[in-house]
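Engineer: model the following, please.
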Amino acid sequence: MLEMTGISKSFFGVKVLDDVSFSIDPGEVHALLGENGAGKSTLMNILAGVYTVDAGHVVFRGKPLENTTVRLAESAGIAFVHQELNLFNDLRVYENIFLRKEIIKYFGILSKKEMIARSRELLSQLGVDIQPTAMVSELEPGKKQLLEIAKALHAKAELFILDEPTTSLNTTEIEMLFDIVRRLKAQGKSFIFISHKMQEVFAISDRYTVLRNGQLIQSGNIADVTPMEVARLMVGQQYSEQGAYHERELGETVLELKNLSGEGFRNVSFQVRRGEVVGFTGLKGAGISEMMRTVFGVLPIKNGELYLFGKPVNRHNVRRAMQSRLSMIAANRKENSIIPDFSLLENFYISEHRLSSMRPLIRLRKESVRYRSHRDALSIKANSPFDMITSLSGGNQQKVIIARWLNTQADILLLDNPTQGIDVGSKAEIYRLIQDLASSGKTILVSTLEIQEIQKVADRCVVFYHGSIHSILKRHEITEERVVLSATNAIKSSEVLDQHDQSSRSAG
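Structural biologist: Residues are numbered from 1 along each chain as shown. A predicted model of the protein is given here:
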């Protein structure tokens, strides 16, 4: 179906793709793998008509693609489903599907009834329960992802580029997406699957191609390699699957929730000690993100008590949380953390400056010294502090955000899905950083849907189910089976209260 040969591309004299070849057959799911900055996005943007090649050839369905534009690539049957979905939230589902392809009656009047009927038929064929007249803004992330695929099918796409399609999906939504991929694959449609999640790569892919530093490293059948071998190909032989965890001496209790209730969660009680790393997990929508945002003062406390460093918290808000040496790295870095129009330095000092807003002037020399100190301590791979933050890889962007909060002298860090959209090498660096910060006396709460992440860094694991704590597991009890059974309420844990009481006594 697709043959890309000898593809090279440079930007401002820097070669980002060097003689790369890539191919895909009809009815195939092909995983395109590599760290952030490896060249995956550039290669796909060439295929989708965003960039032109400096050298090389692209042949799609037997026809050469030359001087391709986005419109021409779409017309040829290539659909790029981006990680940041290209949907209009203030339009209805059927309006998004028929955008630029509207059905028009006499005198230029839109045939809404026919577009709604065809949209319903298309969504029904996919097995997707979405109402054509619903506003896109009201859809859950998983349904938005499926709507993007429906749009591409309506445009008669034969090749789908799926860029990190499962980032915002829960386990059920991922399985629904994969079922649709398998169904379309059986009809001869092909998929290029870009993901950092090895478990998903091996569950859905037929073949793989690994890029590193803009060069083709290896291609082959997914059945012939292991996740560990692929990870080594992506980051080099220095990759190790060993966890970063090491035991530490824990201090006094620094954070305590007593029957705390808020938006999306209720009657949550636990204690966390200085230097402790606690992992939080559960099904998506279990209430963990809401609980973290409430602790940080973003959402209001409805009932219960919150204690920071032994003192009750009253009239809680973000500024008071920051003054209490609390910090939060929100989920979805691109929307909630980085300011894309700001430089690295500006992204770095903005929280500290907000905290010290009584000082009206920003001293660049002083802030630059602080930035360089944190850059070196966190091993941030960056050049000038005046470069835009968008020039960095996802992992280094996340390190800048962590540095932002360390710059406020925060002692408690709330990390909501901190490795989202980050490659395996950068993930390992984030894990080591979490352990190093804990060893220095920082207290860290990590929310993630990936159980392996909790196994790599956490002293304990708190499992949520429907807005409440189901289980609190000690480190040796954190297994994938136990966590999944708790997160789905498949077992009624008789040990929940005992474990909580024991942890409370030990913390006291």
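
Engineer: identify the residue spatially nearest to the spatially most central residue of the chain, adjacent ones excluded.
Structural biologist: In the chain, the C-alpha nearest the mean C-alpha coordinate belongs to residue 420, at 2.6 Å (C-alpha atoms, centre = their mean). Of all residues not flanking residue 420 in the chain, residue 167 sits nearest, at 5.9 Å (C-beta to C-beta, 6 or more residues apart in numbering). Backbone N, C-alpha and C define where each C-beta goes, glycine included.

Engineer: can you tell me the element that neighbour falls in?
Structural biologist: According to DSSP states H and E, residue 167 maps onto no helix or strand at all.

Engineer: so residue 173 sits right up against residue 142, yeah?
Structural biologist: Yes. Counting by C-beta atoms under 8 Å, residue 173 does reach residue 142; the two are 3.2 Å apart.

Engineer: list the contacts of residue 245.
Structural biologist: Residues in contact with residue 245, defined by C-beta atoms under 8 Å, 6 or more residues apart in numbering, are 435, 455, 456, 457, 458, 475.

Engineer: mind pulling up the pLDDT for it?
Structural biologist: Residue 245 carries a pLDDT value of 85.

Engineer: how about the secondary structure of it?
Structural biologist: What DSSP: H, G, I helix; E, B strand; the rest coil gives for residue 245 is coil.

Engineer: what distance do you get for it to residue 147?
Structural biologist: Using C-beta to C-beta, to the nearest Å, residue 245 is found at 40 Å from residue 147.

Engineer: tell me the buried residues in stretch 318-335?
Structural biologist: 321, 322, 324, 325, 326, 327, 328, 329, 330, 331, 332, 333 (16 or more other C-beta atoms under 10 Å).

Engineer: closest one of the residues you listed to residue 310?
Structural biologist: residue 324 (11.4 Å; C-beta to C-beta).

Engineer: contact partners for that closest one?
Structural biologist: Residues counted as contacts of residue 324 (C-beta under 8 Å, 6+ apart) are 308, 309, 313.

Engineer: give me the subset of the residues you listed lying in helices.
Structural biologist: Here DSSP state H is the test, and the contacts of residue 324 give no hits in helices at all.

Engineer: which of those fall in strands?
Structural biologist: With strands taken from DSSP state E, the overlap with the contacts of residue 324 comprises residue 308.

Engineer: redo the contacts of residue 324 as JSON lines? Include distance to residue 343 and pLDDT.
Structural biologist: JSON lines is the format used below for these (distance: C-beta to C-beta, whole Å; pLDDT from 0 to 100):
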{"residue": "308", "distance to residue 343": "32", "pLDDT": "94"}
{"residue": "309", "distance to residue 343": "34", "pLDDT": "93"}
{"residue": "313", "distance to residue 343": "34", "pLDDT": "90"}
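
Engineer: same list, the contacts of residue 324, but as TSV with distance to residue 42 and neighbour count please.
Structural biologist: As requested, those are exported to TSV (distance: C-beta to C-beta, whole Å; neighbours: other C-beta atoms under 10 Å):
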residue	distance to residue 42	neighbour count
308	46	19
309	48	16
313	48	19
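
Engineer: strands of the stretch 201-350 of the chain, start to end?
Structural biologist: For the stretch 201-350 of the chain, applying DSSP state E, counting those that start in this stretch gives strands covering 207-212, 215-221, 253-262, 265-273, 277-281, 301-308, 311-312, 326-329.

Engineer: any weak-confidence spans in the stretch 201-350 of the chain?
Structural biologist: Along the stretch 201-350 of the chain, segments meeting pLDDT under 70 span 237-243.

Engineer: for the stretch 1-150 of the chain, same thing?
Structural biologist: For the stretch 1-150 of the chain, the stretches with pLDDT under 70 are 83-85.

Engineer: can you map out the helices along it?
Structural biologist: Assigned helices in the stretch 1-150 of the chain, in chain order: 40-47, 70-76, 93-97, 112-126, 141-154 (criterion: DSSP state H, counting those that start in this stretch).

Engineer: helix or strand right after the last one?
Structural biologist: So the one you mean is helix 141-154. For helix 141-154, the succeeding helix or strand toward the C-terminus, using DSSP H and E, is strand 159-163.

Engineer: and that following strand, which strands flank it?
Structural biologist: strand 78-81 (parallel), strand 190-194 (parallel) (DSSP bridges).

Engineer: just to revisit the earlier point, now intersect the contacts of residue 245 with the helices, please.
Structural biologist: Taking DSSP H as the definition of helices, the contacts of residue 245 contribute 435, 455, 456, 457.

Engineer: hang on, the earlier thing: want to throw the contacts of residue 324 into a markdown table with distance to residue 424?
Structural biologist: Shown next, in a markdown table, are the contacts of residue 324 (distance: C-beta to C-beta, whole Å):
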| residue | distance to residue 424 |
| --- | --- |
| 308 | 35 |
| 309 | 36 |
| 313 | 38 |
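
Engineer: for residue 200, which three-state class applies?
Structural biologist: helix.

Engineer: I figured it was touching residue 164, is that so?
Structural biologist: No. In this structure, residue 200 is not within contact of residue 164 by C-beta under 8 Å, at 10.1 Å.

Engineer: so which of the contacts of residue 324 comes closest to residue 196?
Structural biologist: Among the contacts of residue 324, and counting by C-beta to C-beta, the member closest to residue 196 is residue 308, at 34.5 Å.

Engineer: of all the strands paired with strand 159-163, which one is nearest residue 1?
Structural biologist: Within those, the stretch nearest residue 1 is strand 190-194; the backing value is 5.3 Å (C-beta to C-beta).

Engineer: pLDDT averaged over the closest one - what is it?
Structural biologist: Here strand 190-194 scores 95 as its mean pLDDT.

Engineer: re earlier: most surrounded residue in the contacts of residue 245?
Structural biologist: residue 458 (26 neighbours; other C-beta atoms under 10 Å).

Engineer: burial count for the spatially closest residue to that residue that is not a sequence neighbour?
Structural biologist: In space, not counting the residues next to it along the chain, residue 458 is nearest to residue 279; the distance is 3.6 Å by C-beta to C-beta, 6+ apart. Counted with other C-beta under 10 Å, residues neighbouring residue 279 total 27.

Engineer: and residue 279, what does it touch?
Structural biologist: Counting by C-beta under 8 Å, 6+ apart, residue 279 touches 446, 447, 448, 453, 454, 457, 458, 460, 461, 462, 478.

Engineer: and these as JSON lines, adding secondary structure and pLDDT?
Structural biologist: Below are the contacts of residue 279 laid out as JSON lines (DSSP: H, G, I helix; E, B strand; the rest coil; pLDDT from 0 to 100):
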{"residue": "446", "secondary structure": "strand", "pLDDT": "95"}
{"residue": "447", "secondary structure": "strand", "pLDDT": "93"}
{"residue": "448", "secondary structure": "coil", "pLDDT": "90"}
{"residue": "453", "secondary structure": "helix", "pLDDT": "87"}
{"residue": "454", "secondary structure": "helix", "pLDDT": "92"}
{"residue": "457", "secondary structure": "helix", "pLDDT": "92"}
{"residue": "458", "secondary structure": "coil", "pLDDT": "94"}
{"residue": "460", "secondary structure": "strand", "pLDDT": "95"}
{"residue": "461", "secondary structure": "strand", "pLDDT": "95"}
{"residue": "462", "secondary structure": "strand", "pLDDT": "95"}
{"residue": "478", "secondary structure": "coil", "pLDDT": "91"}
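
Engineer: can you tell me which of these is nearest residue 364?
Structural biologist: Comparing the contacts of residue 279 against residue 364 with C-beta to C-beta places residue 446 closest, at 33.4 Å.

Engineer: what about the closest one, how many neighbours?
Structural biologist: By other C-beta under 10 Å, the residues close to residue 446 number 27.

Engineer: next one: residue 247
Structural biologist: 8.

Engineer: where does it fall, phi/psi-wise?
Structural biologist: Backbone geometry at residue 247, expressed as degrees, to the nearest 10, gives phi -70, psi 150.

Engineer: gap between it and residue 276?
Structural biologist: For residue 247, the distance to residue 276 equals 11 Å [C-beta to C-beta].
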